[in-house]
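here is the input, now give the coordinates:
(chains A and B)
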Amino acid sequence: MGRYIARRLLQTIPMLLLISIVLFALVNLAPGGPLAGYSRSRHVKPERAAMLKRQFGLDQPVPVQYVVWLIGNDWMKVDADGDGIAESRGERRGILRGDFGFSFRTREPVLEEIGDRLLNTIYLMSVTLIIVAIIAIPVGIVSAIKQYSLFDISVTTLSFMGQAIPEFWLGLILILVFYAWLDNPFTGEPLLPSGGMHSLDMDFSLLDWAKHLILPVTMGAVGWVAWYSRFLRAGMLDVLHMDYVRTARSKGLSERLVMYRHAFKNAVVPLVTIFALDLPYIFAGSLYVELLFSWPGIGRLYYQSAVKRDYPLLMAILIIVAGLTILANLMADIAYGYLDPRVRYE
Amino acid sequence: MSRTSDALEGNGVVQWEAPLRAHESMSTMVWRRFRRHPGAIAGSIMLGIIILAVVLAPLSPYDPIATDIPNRLQPPSLEHPFGTDQLGRDLLTRCLYGGRVSLAVGFLVVVITLVIGVPLGAIGGYFGGWMDNVIMRFTDAALSLPSLLVLILLSAILREIDIPFFERNNVLTIALVIGSLSWMTNARLVRASYLTLREKDFVTAANCMGASNLRIMGRHILPNTVGPIIVASTLEMGYAIMEEAGLSFLGFGIQPPTPSWGNLLSNAQEHLAKHPWLAIFPGLMIFLTIISINYIGDGLRDAFDPFKVLKQVGEV
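Residues are numbered from 1 along each chain as shown, chains lettered A, B, ... in the order given. Okay, the predicted model is just below:
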C-alpha cells in the first residue's frame, strides 16, 4: 500500500508539470499579454508600458518566464527598475518554494489574495456536499428498493429535471422568488438575503449565517442531488441482482440486513470514485453560485482575475485546483481499496 | 407476482424481449426498443419542435437585433408572447435566434469531440503499449484540468485575437474551445471497446486474411463501438449546450447583440425583479432542450444496451 501511494504520488509530478506547462503557455502566448490593458490605454505612454514590461519580466521569452515562475529568479540578474539593464538579483522564489508571485491588479502576494477565499469556497462546498449526501443517499436507495413505485418514478423524473436545470438560471429564479417576491411576514424585509456570507452590520449570529447559506446551497445542491441519487439508484439496482444478495436472502436474513449490510455497502463504493472525478465540476458550479450570490470565494476571484487578466492569480488558482483534483483522485483510489477488499494494488 | 415480472410490468419500462430477433438488423432493433421508451419519444418530439421553431425563426415578424425603444420592456402579450427586452426587441424572436447559436454549438462540439476522441481512443486501445500509455496519461491530464476555469481562460484569450473566422467569439470559436476540453469521454470509451474487441476472433480472422491495421480499426472494430459513441455524443450535446450557455452567461461566450440563451439570461440579471420574464423564458428554453436531449440519450442507452435492462430486472 505504501509503495502504491508513493508510486502514484510520483506519477502526479510529471502530470502537474505537463498541466502547468500547457496552462502557462496558454496564458502567456496570448497576444497582448497581461499588459494589453495598459498599452491600449491612452494614459500610459509607450515608454512607461515598456518599463513595466521589463519590471514584470514580461520581456523575457516565455520558456524563461515559465522557469522563473516555477523555480524563481533569485539565481539570475533581473531588471528591477525597468531601465533595460539587468543589474540586481531577482527576488522571486517560484511556486515550488511557495512563492506564487504578486497580483498584477492589487500588487499583493497571490497567496494572500487566495487565502481566505479558498476557505470561504471550501466552507460553501462542504455545506452543499453534506446536504447533497443527506438527501441523495437515502433517496437513491429507497428509489432502487421500491423500483417502479410511485416514489421511484417521481424521483427519477425529478432527477432528470434537476440535471437539466442550468445552475445559473436556478440561482436567478431562487433570487426572484425568495428575495424579490416573498417577504418576511413579520419584518417586511425580503424573506432570504440575496448575497454575501453574513450581514455586514450585525455581530456574529448563527441564524444570520445560516440564512445566507440557504439560497446558495440550494442552487449548488439541486443538480448534484439529482445526479447522485440517480447514480446510487443504478448502482443499487446492479447490486440487488448479484448472486451474493440472493445468497443472503436465501440464508433467511432479514430484508433490512440484506439491503444495508450486503447491497448498500457495495453500491456506495463506486460513488467514491465518481465523487473524486466530479470535484472539478462541483468547484466550477460553485463559481456560478459565488458570482450570483456575491460570495467572496475563489471562483469569484478567478472570474474577476480573468476579466482583469491578472495572470499570476489565474495561474495560481488553476494550479491549485488541478493539484487538488489530482490529490482527490488519488485519495479516492486509496479509499476504494480500503472500502472494497477485492481491489488489490500491486 | 415475482419481483422480476413485477418490474417488467412497471410504467415506462422497456418490456422484456429477445435483444435481437432473427433477420433483424441492429438499427431496426435499436429503433424498435427506442420506441418503447416514453421519455425518449417525448424528448424527441420536444426537441423536434424546438429545432423546427429555431430553423423557422426568420418567419418571425420581428428583427432579432434592431431596436424598438418605444416598445421596451413589454410584459408577455399576444403580440410578444415572451415580452420584449430593454431595447424593445421581441424576446421570443431573440430566443429562437439564440437557439440557433446554442444548437449549432452543441452540434459542432459533438463533431469536434468525435474527431479528436475516436482516433485517440482507437489508437490507444488497438495498439496498446507505450502509445496507449502516452495517450491515456494525456487524457488523464486533460481530465484533471478544471474545465470551466480553462474555458473561461481560453475564451478570455480568444476574444482578443483577430484571426479570420474566429473574430469576436463566434459559434465556431466557442465550439472549438468547448470541444477541446470535452473529447476525453469519447477517447476513454472508444479505447475500452477497442481493448476488448481486438482480442475477438473476427479480428484475428481479418488479420489472417491480410487486412491492414487501419482497415481492421475502421471497418471491423469501429462499427461495434457505434452504440456507446452515439449515446455519449447525445449526452455530450446537452453538456455542450449547457457549457455554452454558462460561458455566455459569464460574458465570455457569444457576445451581444448576437443572442444566445446564455447572454439573454445574463442580460436579464439587472431587470430580474421588475421584468422577470426576461430571465424565465431563455432559461426555460435551455431547460427544455437539455431535458429532451437527456431523455433521448437515456432511451438510446437502453436501446443499444439491452443487457443492461435485462441485468437490472435479473434476467441475465
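
could you use CA atoms for every contact and neighbour count after this?
Noted.

measure A:V132 to chain B for me?
21 Å (Cα to the nearest Cα, to the nearest Å).

can you pull the contacts of that residue?
By Cα atoms under 8 Å, 6 or more residues apart in numbering or on different chains, the contact set of A:V132 is A:A221, A:V222, A:W224, A:V225.

look up how far A:F293 lies from it.
As for A:V132, its distance to A:F293 is 19 Å (criterion: Cα to Cα, to the nearest Å).

and if you look at B:N213?
In terms of Cα to Cα, B:N213 sits 55 Å off from A:F293.

for those two, indicate the residue with more neighbours.
A:F293 (22 against 16; other Cα atoms under 10 Å in any protein chain shown).

where does the nearest residue to that one once chain neighbours are set aside land in three-state SS?
Nearest residue to A:F293 in three dimensions, chain neighbours excluded: A:G195, at 4.2 Å (Cα to Cα, 6 or more residues apart in numbering or on different chains). At A:G195, secondary structure determined by DSSP: H, G, I helix; E, B strand; the rest coil is coil.

number of nearby residues for A:G195?
21.

if I pick A:R249, what's in contact with it?
A:E255, A:V258.

for the host helix or strand of it, give the mean pLDDT please.
Element membership for A:R249, per DSSP states H and E: helix A:243-250. Averaging pLDDT along helix A:243-250 gives 89.

in it, what's buried?
For helix A:243-250, burial by neighbour count (16 or more other Cα atoms under 10 Å in any protein chain shown) applies to A:V245, A:A248, A:R249.

how about it as CSV, C-alpha atoms only?
In CSV, the C-alpha atoms belonging to helix A:243-250 read as follows (Å, rounded to 0.1, in the frame of the first residue of the first chain):
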residue,chain,number,x,y,z
ASP,A,243,-25.7,-13.7,-6.5
TYR,A,244,-24.5,-12.7,-3.1
VAL,A,245,-27.6,-10.8,-2.4
ARG,A,246,-29.7,-13.8,-3.5
THR,A,247,-27.5,-15.9,-1.2
ALA,A,248,-28.0,-13.6,1.7
ARG,A,249,-31.8,-13.7,1.1
SER,A,250,-31.9,-17.5,0.9
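
after it comes which helix or strand?
Of the helices and strands lying after helix A:243-250 in sequence (DSSP H and E), the nearest is helix A:255-257.

can you list the residues of the stretch 151-300 of chain A near chain B?
A:160-161, A:163-166, A:168-169, A:172-173, A:176, A:180-181, A:237-238, A:241, A:280-281, A:284 (Cα under 8 Å from any Cα of the partner chain).

restricted to buried residues, select these in ChimeraX.
Restricted to buried positions by 16+ other Cα under 10 Å, the ChimeraX selection for those reads:
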select /A:160,161,163,164,165,166,168,169,172,173,176,180,237,238,241,280,281,284
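
off-centre distance for the helix or strand hosting A:G140?
Using DSSP H and E, A:G140 sits in helix A:110-145. Chain-centre distance of helix A:110-145: 10 Å, with Cα atoms, centre = their mean, to the nearest Å.

before we move on, what about stretch A:1-20?
That offset, for stretch A:1-20, works out to 21 Å (Cα atoms, centre = their mean).

mind listing what's buried along that stretch?
A:T12, A:M15, A:L16, A:I19, A:S20.

for the helix or strand that contains B:A303, name the packing helices and strands.
For B:A303, the element it lies in under DSSP H and E is helix B:277-304. Helices and strands touching helix B:277-304, by 3 or more Cα pairs under 8 Å, 6 or more residues apart in numbering or on different chains; DSSP states H and E, are helix A:150-164, helix A:167-175, helix B:26-35, helix B:38-55, helix B:91-127, helix B:226-250, helix B:261-268.

what's the angle from the fourth one to helix B:277-304?
The one in question is helix B:38-55. Going by axes from the mean of the first three to the mean of the last three Cα atoms, to 10 degrees, helix B:38-55 is angled at 130 degrees with respect to helix B:277-304.

one more: the longest one?
Between the direction of helix B:91-127 and that of helix B:277-304, the angle (the same axes, to 10 degrees) works out to 30 degrees.

and what of the shortest one?
In this structure, helix B:261-268 runs at an angle of 150 degrees to helix B:277-304, with the same axes, to 10 degrees as the basis.

what's the distance between B:T204 and chain A?
Remark: distance between B:T204 and chain A (Cα to the nearest Cα) = 31 Å.

so what's that residue closest to, chain neighbours aside?
Closest residue to B:T204 apart from its sequence neighbours, by Cα to Cα, 6+ apart: B:R198 at 7.9 Å.

phi, psi of that neighbour?
When read as degrees, to the nearest 10, the backbone of B:R198 gives phi -70, psi -20.

show me what contacts it?
Contacts of B:R198 by Cα under 8 Å, 6+ apart are B:Y126, B:T204, B:I221.

please apply the same query to A:F100.
For A:F100, the contact set (Cα under 8 Å, 6+ apart) comprises A:W69, A:G94, A:P109, A:V110, A:L111, A:P312, A:A316.

shouldn't it be within a helix?
No: assessed with three-state DSSP, A:F100 is coil; it does not lie in a helix.

so which bits of stretch A:180-187 are buried?
Going by neighbour count (16+ other Cα under 10 Å), the buried part of stretch A:180-187 is A:A180.

er, stretch A:316-329 actually
Residues A:316-319, A:321-329 are the ones in stretch A:316-329 that count as buried (16+ other Cα under 10 Å).

check whether that stretch contacts chain B.
Yes: counting by Cα under 8 Å from any Cα, chain B has neighbours in stretch A:316-329: A:L318, A:V321, A:A322, A:T325, A:I326.

which of the residues you listed fall in helices?
A:L318, A:V321, A:A322, A:T325, A:I326 (DSSP state H).

let's see the pLDDT reported for the fourth one.
In this case it means A:T325. Per-residue confidence (pLDDT) for A:T325: 83.

that one and A:P280 touch, don't they?
Yes: counting by Cα atoms under 8 Å, A:P280 is a contact partner of A:T325 at 6.4 Å.
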